[in-house]
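>>> starting from these lines, generate the structure:
(chains A and B)
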Amino acid sequence: MEISTNDYRVWTEGASIHYEGTMRLSGTEAYAPILEIMNSVLGSKPDLITLDLTGLEFLNSSGINLFAKFTIEIRKQPDVGVRVLGSKSIPWQSKSLRNLQRLHPALELTIS
Amino acid sequence: MVEDFGHTHSSNGGDATRFCLKLMAEPLELSWHHCGVTSDFIGEYFSRACPGDVDPVDARHSISYMINEILENAVKFRYGGDIAIDSSLLGETFEIQIVNKIDNETASRFQELLRELLERDPGELLLEKIEENALNPDSTGSGLGLLTLMSDYEAKLGWSFLREHVSEGVKLTTFASLRLS
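Below is the predicted model of the structure:
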């Protein structure tokens, strides 16, 4: 599964979801197709979902809300683990991704 | 009549590096993508003017995130008219004022939200709002951008509402400042 635009690309490889570019969509509705991809990975009930954000340079607060909502969905399924990969060279990630861990302490966050 | 909320003053004076921009409503047909383009431009501009002990990558991203969030609100809720942006940098202090017009009803709803935002710890309220939004599929996540700025970026924010004539709506000035590191 893949969504590709001039600004960003989202694609899956098994239970890994990769994000690249700049996501500044206008709200919940605009993010719905991306959430659909994420929910379909969750629907397959893998042991571990990986959210790879190491190529996601900019994200607006509606996008942060998308990841927060998805984290809460994963939290409802204790058999599904989640790992979030971030990059130290992308400042918003060190500032905002820890909120996901506060929502779901079992979430494994690696910013390297 | 003027009503102020939060930090509605600026400290950067005449010595500051300053950059002003007006997004004209009509010829430009102001739309969503102008938020990102404008905030990236101003972020890039000031990252080149930062003092040596400030990380320019962090400055560019933080300035850009802050302006984009405030501009997205300005574009989403504006009641016609232009959007004026006045930004300045003095030492490590980056400040911005964004002026736009909103209608009376939007102003009242926004003031209600601001009273809640300013009363509470932003980090706690951010998580509470996220949990609330997750329970309500129709929720728009209103206020989350401001809370991330206050909580994750330690930005100081303020809002000044000026009502002159009821039929002309409300002039809203958003103040935001960031200590770059």
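>>> checking B:Asp53 next. Helix, strand or coil?
Three-state assignment for B:Asp53 (DSSP: H, G, I helix; E, B strand; the rest coil): coil.
>>> which non-adjacent residue is nearest A:Leu97?
Using Cβ to Cβ, 6 or more residues apart in numbering or on different chains and skipping the chain neighbours, the partner closest in space to A:Leu97 is A:Gly86 (5.3 Å). From N, CA and C alone the C-beta is placed, and that goes for glycine too.
>>> any idea how far the one you found is from chain B?
Distance, A:Gly86 to chain B, by Cβ to the nearest Cβ, to the nearest Å: 13 Å.
>>> what about that residue, how many residues nearby?
Other residues near A:Gly86 come to 22 when the count uses other Cβ atoms under 10 Å in any protein chain shown.
>>> for it, phi and psi?
phi -130, psi 180 (degrees, to the nearest 10).
>>> who touches it in this structure?
Applying Cβ atoms under 8 Å, 6 or more residues apart in numbering or on different chains, one finds that A:Gly86 lies in contact with A:53-54, A:93-94, A:97, A:109-112.
>>> ok, 10 Å please
A:Gly86 makes contact with A:51-54, A:56, A:92-94, A:96-98, A:100, A:109-112, according to Cβ atoms under 10 Å, 6 or more residues apart in numbering or on different chains.
>>> buried only: go through the residues you listed for me.
Buried members of these, scored by 16 or more other Cβ atoms under 10 Å in any protein chain shown, are A:51-54, A:56, A:92-93, A:96-97, A:100, A:111.
>>> give me the nearest residue to B:Thr148, chain neighbours excluded.
Spatial nearest neighbour of B:Thr148, excluding adjacent residues (Cβ to Cβ, 6+ apart): A:Ser61 at 5.2 Å.
>>> could you double-check that the one you found sits in contact with B:Tyr153?
No - in this structure A:Ser61 lies outside contact range of B:Tyr153 using Cβ atoms under 10 Å: 11.1 Å.
>>> can you work out which residues contact both of the two?
When contacts are counted by Cβ under 10 Å, 6+ apart, the set common to A:Ser61 and B:Tyr153 consists of A:96, B:65, B:69.
>>> least confident secondary structure element in chain B?
Taking mean pLDDT, DSSP states H and E as the measure, the helix or strand of chain B with the lowest value is helix B:25-28, at a mean of 77.
>>> and it, what's buried?
Buried residues in helix B:25-28, counted by 16+ other Cβ under 10 Å: none are found.
>>> which residue ranges of chain B form strands?
Here chain B has its strands, by DSSP state E, at B:2-6, B:17-23, B:83-90, B:93-102, B:156-163, B:170-179.
>>> chain A is nearest to which of those?
strand B:170-179 (11.6 Å; Cβ to the nearest Cβ).
>>> tell me the buried residues in that closest one?
For strand B:170-179, by 16+ other Cβ under 10 Å, it's B:170-178.
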